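> what's the 3D shape of this:
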Amino acid sequence: MTTSIAPPIETIALVSLGCPKNLVDSEKMLGLLAEDGLIPIGDESQADAIVINTCGFLEASKEESIEEIRHALQYKQDGNCQRVIVAGCLVQRHRAKILEWCPGVDAIIGVSDRDHIVDAVRGGGPLQQDVAIELPVYTSISANATLARQHAKQYGSERAESETSGGSGGGYFESDAARLRLTPRHYAYLRMSEGCNQNCAFCTIPSIRGKMRSKPVPAILSEAQELFADGVFELNLIGQDTTSYGQDINYAAGLAGLLGELDRLSRQQGGAWLRLMYAYPSCFTDEMIDAMAALPNVLKYIDMPLQHINDQVLDRMRRRTSRQLIQTLLQKLRDRVPGIAIRTTFISGFPGETETQHRELVEFVEDFGFDAMGVFGYSPEPGTPAGTLHQAHAVEQAVIDARTEDLMLAQQKVVFDRNEAWVALQQVFDVLIDEVDPENGQYIGRTFGQAPQVDSVTYVQSREALVPGELVRCRVIETADYDLIAQPLAELEKRISLPLA
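Numbering: from 1, shown residues only. Sure, this is the predicted structure:
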């Protein structure tokens, strides 16, 4: 047996996969690592340790995660890095198989145990060659408050009890404060809650993230204040089910009350954009609609996955909603929040979906005219009720692909027609500048109706220099498929005056 001392870990690269909620976890882990003295770098090939924060929501995301892990392990094999740590949803869902799929991983961290990231990255002690070493595992799933309190006491984690005005006590939450952000300076994601109680038939989130846990209002406001102080203008409010906010901590004002508190804080900062994501249709109340209509800093935008419109499919999905409820809610939103941009997603080819049910969904998309829409072909996930249903009622993959294309073509016509109408009307929007397009020198930004990363963008043609985070009033002058092309209103309205004799 030979023994050697590993050189100290000094630099760390982190690869973040999946949704914005996973990105927040990545930013929190980076904050903890930086606080401990480690230096985050962007080049994996130069890092002493690599962390892959994985997504395991769908089969495709699992495959992407495994590919990234193996990519990192190749750097380790080549001698470029010392440790590879795997974190996130894939660990939570498939931890027993991680080493089988990716031999050579040094530690794995579950979604509820990111506070162990420093221990996992630094390792410790001598490296003993030719000796079997047990893989460090830091995973748990906090299914309820009792388990979470026990876990917090055992490991001394940052989880805190909710004894404030934002809740009646007995709840707990995971703080996202002191993050090292991976988004541009001017926008960030603010997580309101973790976990979900909806238990949709196709979804793995409850088994990965646990039951819903709302952050108390004071904790959310404190994190928002920290982000504003760091230069954020746009806060994207996220959670697995944002419309159920507060129910688990007996916060009677719910989402509407939280939006009011955030709006007040935003006014104190001189104004901001507050964007609500991941709403659930059966939980959307009139008070929430009124808050969106009345609060000046809350964008007239909603991201609300509907998944389907046919009642039988919705029942099989266990969505706790119906076509009538969805149509009534959408009409209320359009009537009471004039100009609201509504984004949604649908699942095509759910087990047992007939051609008639599919056509009903296509016609609904054509008739309602969503501002933005995504479609996922159904993916059977082991351990879900829909995964069992799939065994006897699977829709062929070729049919799923064709139906997905049908839906996207229907939405394409909706968006293209709307964009052309905006050009004809010379529509004016405030555009938040995100970056400069290196290919043509145009600026890339977004209107209130365009969320970062998931929606279309607006290209701004400006003679004046613009900077990321700047809000510029623009007129739409052209379209580029789903995207818009605009010019600053100030430049269009400039007039050349001759000097007086």
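> Give me the secondary structure label for Asn236.
Going by DSSP: H, G, I helix; E, B strand; the rest coil, the secondary structure assigned to Asn236 is strand.
> following the helix or strand containing Phe429, which helix or strand shows up next?
In this structure, Phe429 sits in strand 428-436 according to DSSP states H and E. Of the helices and strands lying after strand 428-436 in sequence (DSSP H and E), the nearest is strand 443-446.
> for that next one, packing partners?
Other elements packing on strand 443-446 under the criterion 3 or more Cβ pairs under 8 Å, 6 or more residues apart in numbering; DSSP states H and E are strand 428-436, strand 458-460. C-beta: built from backbone N, CA, C; applies to glycine.
> Pull up the pairing partners for the very next helix or strand once past the last one, direction included.
Past strand 458-460, further along toward the C-terminus, the next helix or strand under DSSP H and E is strand 471-480. Strand pairing for strand 471-480, using DSSP bridges, gives strand 428-436 (antiparallel), strand 483-488 (antiparallel).
> looking at those, which is buried most?
Compared across the strands paired with strand 471-480, strand 483-488 shows the largest average neighbour count, a mean of 21 (mean count of other Cβ atoms under 10 Å).
> which outside residues touch the helix or strand that comes right after that one?
Note on strand 483-488: by DSSP H and E, the next helix or strand toward the C-terminus is helix 489-492. By Cβ atoms under 8 Å, 6 or more residues apart in numbering, the list of residues contacting helix 489-492 from outside reads 428, 462-464, 473-475.
> just stretch 398-406 next, same as before
Contacts with stretch 398-406, where a contact means Cβ under 8 Å, 6+ apart, come from 348-349, 353, 358, 362, 375-378, 395.
> cool, stretch 462-470 as well?
Outside stretch 462-470, the residues that touch it by Cβ under 8 Å, 6+ apart are 184-186, 231, 233, 432-435, 443, 460, 472, 487-488, 491.
> what about Gln450, how many neighbours?
Per other Cβ atoms under 10 Å, the neighbour tally for Gln450 reads 25.
> The one 3 residues further on now?
Residues near Gln453, counting by other Cβ under 10 Å, number 11.
> Quick check, pLDDT for it.
Note for Gln453: predicted pLDDT of 93.
> Number of residues surrounding the closest residue to it other than its chain neighbours?
Excluding its sequence neighbours, the residue lying closest to Gln453 (Cβ to Cβ, 6 or more residues apart in numbering) is Pro20, at 7.5 Å. Pro20 is flanked by 21 other residues according to other Cβ under 10 Å.
> Next one: Pro20 from Asp176, what distance?
12 Å (Cβ to Cβ, to the nearest Å).
> Strands along the stretch 101-250 of the chain, start to end?
For the stretch 101-250 of the chain, the strands defined by DSSP state E, counting those that start in this stretch occupy 107-109, 127-128, 137-138, 160-161, 172-173, 187-191, 193-194, 213-214, 234-238.
> Make CSV out of those strands and add distance to Glu35, mean pLDDT and mean neighbour count.
What follows is these, written out as CSV (distance: least, Cβ to Cβ, whole Å; pLDDT from 0 to 100; neighbours: other Cβ atoms under 10 Å):
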stretch, distance to Glu35, mean pLDDT, mean neighbour count
strand 107-109, 17, 89, 25
strand 127-128, 26, 34, 12
strand 137-138, 18, 50, 19
strand 160-161, 18, 40, 16
strand 172-173, 20, 68, 25
strand 187-191, 18, 97, 25
strand 193-194, 22, 92, 26
strand 213-214, 24, 93, 28
strand 234-238, 23, 97, 24
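> Format the ones you listed as JSON lines; extra columns: distance to Leu262.
As requested, those are exported to JSON lines (distance: least, Cβ to Cβ, whole Å):
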{"stretch": "strand 107-109", "distance to Leu262": "30"}
{"stretch": "strand 127-128", "distance to Leu262": "49"}
{"stretch": "strand 137-138", "distance to Leu262": "33"}
{"stretch": "strand 160-161", "distance to Leu262": "20"}
{"stretch": "strand 172-173", "distance to Leu262": "16"}
{"stretch": "strand 187-191", "distance to Leu262": "8"}
{"stretch": "strand 193-194", "distance to Leu262": "14"}
{"stretch": "strand 213-214", "distance to Leu262": "14"}
{"stretch": "strand 234-238", "distance to Leu262": "7"}
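> between those strands, which gets nearest to Glu27?
Of all these, strand 187-191 sits nearest to Glu27, with 8.4 Å by Cβ to Cβ.
> report the angle between the axes of that closest one and strand 234-238?
30 degrees (axes from the mean of the first three to the mean of the last three Cα atoms, to 10 degrees).
> Run me through the strand neighbours of strand 187-191, direction for each.
Next to strand 187-191 in the sheet, as set by DSSP bridges, lie strand 234-238 (parallel).
> Show me what counts as buried in whatever helix or strand Ala424 lives in.
Element membership for Ala424, per DSSP H and E: helix 397-425. Using 16 or more other Cβ atoms under 10 Å as the test for burial, helix 397-425 gives 399-400, 403-404, 406-407, 410-411, 414-415, 419, 422-423.
> Switch these over to TSV; also include distance to Ala272 and pLDDT.
Below are the buried residues of helix 397-425 laid out as TSV (distance: Cβ to Cβ, whole Å; pLDDT from 0 to 100):
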residue	distance to Ala272	pLDDT
Val399	45	97
Ile400	41	96
Arg403	40	97
Thr404	36	97
Asp406	39	97
Leu407	34	97
Ala410	35	97
Gln411	30	97
Val414	30	97
Val415	27	97
Asn419	27	96
Trp422	25	96
Val423	29	96
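> What average pLDDT does stretch 301-317 get?
96.
> mind checking the end-to-end distance for it?
Chord length of stretch 301-317, first to last residue, is 26 Å (Cα to Cα, to the nearest Å).
> Would you mind confirming that Ala13 is in contact with Ile52?
No - using Cβ atoms under 8 Å, Ala13 makes no contact with Ile52, being 9.5 Å away.
> higher neighbour count, these two?
Neighbour tally, Ala13 and Ile52, criterion other Cβ under 10 Å: the higher count belongs to Ile52, 29 against 20.
> what about that one, distance to Arg95?
Using Cβ to Cβ, Ile52 is found at 14 Å from Arg95.
> picking up where we left off before, and Gln82, which of the strands of the stretch 101-250 of the chain is closest to it?
strand 127-128 (9.0 Å).
> quick one: low-confidence ranges for the stretch 51-200 of the chain?
Applying pLDDT under 70 to the stretch 51-200 of the chain flags the ranges 124-172.
> Could you chop the protein up by domain?
3-138, 155-414, 426-492 (automatic domain parsing).
> With mean pLDDT as extra columns, can I get the strands paired with strand 471-480 in JSON lines?
What follows is the strands paired with strand 471-480, written out as JSON lines (pLDDT from 0 to 100):
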{"stretch": "strand 428-436", "mean pLDDT": "95"}
{"stretch": "strand 483-488", "mean pLDDT": "96"}
